[in-house]
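Colleague: Okay, sequence plus prediction incoming.
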Amino acid sequence: GMYHGALLTSDNEVYLWGKNMKTVDGKLSDIPLPERLETLPTHHPVLQISCGSHHLSILFEDGSVYGIGLTADHAVLSDPIELMPPQPMPYKQFEAHQDRTTIVDRNNDVHQAHLWQAKSLQLHSTFAPMWDVQGCAIASVHRGWRSTMLVTQE
């Protein structure tokens, strides 16, 4: 990420380090050395992790996606929250970038979600199809600071 790093070990453990990755006594705190994420929310193995600017997204074998870190509403979540419930796998693309996570599913639907702390906003963070590109297969999605680019194949 922009200010943090993450590591997935061969033993299926996730480690985090960097700026503003946890709270101590209600204040943002850094993790100077890799620290194991103790609270993985599911017993399914982790398939992939991806760092956004200030958050980490975790893809599990059952197709569920969880997020942890600095949220869009400027809070730090120390325990992962669900961004997407279990879905049929495999995904064509899974990537965290900037302030959101993007998935291209096997039906070429593009889904995006933000990480929010506020319960009322978490309802809006679930993945929902964003674009309908008729007659084209989406090869990949790239997110810039303020824009999104779709790469399609006919």
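Modeller: Yep, that arrived.
Colleague: residues in contact with residue 103?
Modeller: Residues in contact with residue 103 (C-beta atoms under 8 Å, 6 or more residues apart in numbering) are 65, 84, 91, 93, 94, 95, 110, 111, 112, 127. Where C-beta positions appear, they are placed from N, C-alpha and C, glycine not excepted.
Colleague: go again using 6 Å as the cut-off
Modeller: By C-beta atoms under 6 Å, 6 or more residues apart in numbering, residue 103 lies in contact with 91, 94, 111.
Colleague: Any figure for the gap between the first one and residue 16?
Modeller: Taking C-beta to C-beta, to the nearest Å as the measure, residue 91 falls 23 Å from residue 16.
Colleague: What are the buried residues along stretch 90-98?
Modeller: Neighbour-count burial for stretch 90-98 flags 91, 92, 93, 94, 95, 96, 97, 98 (criterion: 16 or more other C-beta atoms under 10 Å).
Colleague: what do you get for stretch 99-108?
Modeller: Here stretch 99-108 shows 99, 100, 101, 102, 103, 104, 105, 108 as buried, counting by 16+ other C-beta under 10 Å.
Colleague: what residue is smack in the middle of this protein?
Modeller: residue 57 (2.5 Å; C-alpha atoms, centre = their mean).
Colleague: That one sits in which helix or strand?
Modeller: In this structure, residue 57 sits in strand 55-60 according to DSSP states H and E.
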